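Asker: my questions are about this predicted structure, shown below with the sequence.
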Amino acid sequence: MKRRGLFFLQLGFTLFVCAFLIVPMILSIMAGLTVNYFVGIESGLTLRWVMEVWNGYRDTIFLSIGLALACLAATLVLGIPAAYVLAKRQSALTRAIEELLVMPVAVPGLATALALIVTYGSLSGFRTSWAFILVGHVLFTLPFMVRSVLAVLMAIDLKTLEEGAASLGAGFWERFRDIVLPNCRQGILAGSLMVVTLSMGEFNMTWLLHTPFTKTLPVGLADAYASLRLEIGSAYTLVFFIMIMPLLLAMQAFAKPRPAKFVAEESE
């Protein structure tokens, strides 16, 4: 009876916490679907505010998608080799480099953005382009790609696998393509989903780096809440959720570690 009572107590507390977090989001989304938020559902439901967001802010949506995909490409090119080197060379130097890679996550986004402006702000063409925001996003998301891939590489006997392939005549690029990449694909997938979702949702750094012509989804959302009707800001939130939730669910589904037996079988 005590265990049963403890279970229901824990369940009730969990449901309370979930409601505390989810109910405000639901109310915010519903505000974007009602004719008049202050009257409530009684005023009727409408897609008018969603359409206004789409007509007025669709450029920010496409820019955010493009930035997220470009950020993913950059972190794949930089992050996978970096994780491979860190996994191969375990030393005080590589551990220090790994910690340095995490610095952009530990430092507030505004501080990182300010550092980028101080360093590259004089390059006017670069400062006003979307590539400037991309640099900030890559700095922020690269550690997540490196850590995801590195965790998988550290869980396998990479040295033995590579030595076995080398003994059969495989060169470096063949070993990297046929041994390293297949064995760390779970980490690559988890890191990729994390990079895309973080890039699309990043606000602090982007708010300082953006220009009127390079607004992203989160910056446009802040502008909508600050200068327009509450219904339009809430509709913007709905659009943001529609875009980000499938990625978050995919990250939860595909980032689960595979059974050790399966990994071993693939490594043979």
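Answerer: Perfect, thanks for sending it.

Asker: show me what counts as buried in stretch 121-132.
Answerer: Within stretch 121-132, the residues scored as buried using 16 or more other CB atoms under 10 Å are Trp130, Phe132. Every residue, glycine included, has its C-beta placed from N, CA and C.

Asker: let me see the mean pLDDT of the helix or strand encompassing Phe240.
Answerer: Phe240 is part of helix 230-254, with elements assigned from DSSP states H and E. The pLDDT scores in helix 230-254 average 77.

Asker: packing partners of the helix or strand that contains Val138?
Answerer: Following DSSP H and E, one finds Val138 within helix 130-154. Here helix 130-154 touches helix 48-88, helix 92-106, helix 109-120, helix 185-201, helix 204-209, going by 3 or more CB pairs under 8 Å, 6 or more residues apart in numbering; DSSP states H and E.

Asker: residues contacting the helix holding Phe240, please?
Answerer: For helix 230-254, the surrounding residues in contact (CB atoms under 8 Å, 6 or more residues apart in numbering) are 25, 28-34, 36-37, 49-50, 52-54, 57, 61, 64-65, 186, 189-190, 193-194, 196-197, 200-201, 217-218, 220-221, 224-225.

Asker: which neighbouring elements make contact with whichever helix or strand comes after the helix holding Val138?
Answerer: Downstream of helix 130-154, the next assigned helix or strand under DSSP H and E is helix 158-167. If you count contacts as 3+ CB pairs under 8 Å, 6+ apart, helix 158-167 packs onto helix 48-88, helix 172-175.

Asker: could you export the ones you listed as CSV, including distance to Gly164?
Answerer: Formatted as CSV, the helices and strands packed on helix 158-167 follow (distance: least, CB to CB, whole Å):
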stretch, distance to Gly164
helix 48-88, 15
helix 172-175, 10
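
Asker: hey, which of those helices is tucked in deepest?
Answerer: Of all the helices and strands packed on helix 158-167, helix 48-88 has the most neighbours on average by mean count of other CB atoms under 10 Å, namely a mean of 18.

Asker: which ones are touching the residue nearest in space to the middle of the chain?
Answerer: Centroid check for the chain by CA atoms, centre = their mean gives Leu198 as the closest residue, at 2.4 Å. Listed by CB under 8 Å, 6+ apart, the contact set of Leu198 reads His137, Phe140, Thr141, Phe144.

Asker: now for those residues, which pair is the farthest apart?
Answerer: Spatial extent of the contacts of Leu198 (CB to CB) is set by the pair His137 and Phe144 at 11.3 Å.

Asker: below-threshold pLDDT in the stretch 151-268 of the chain: ranges please.
Answerer: Within the stretch 151-268 of the chain, the segments meeting pLDDT under 70 span 228, 251-252, 254-268.
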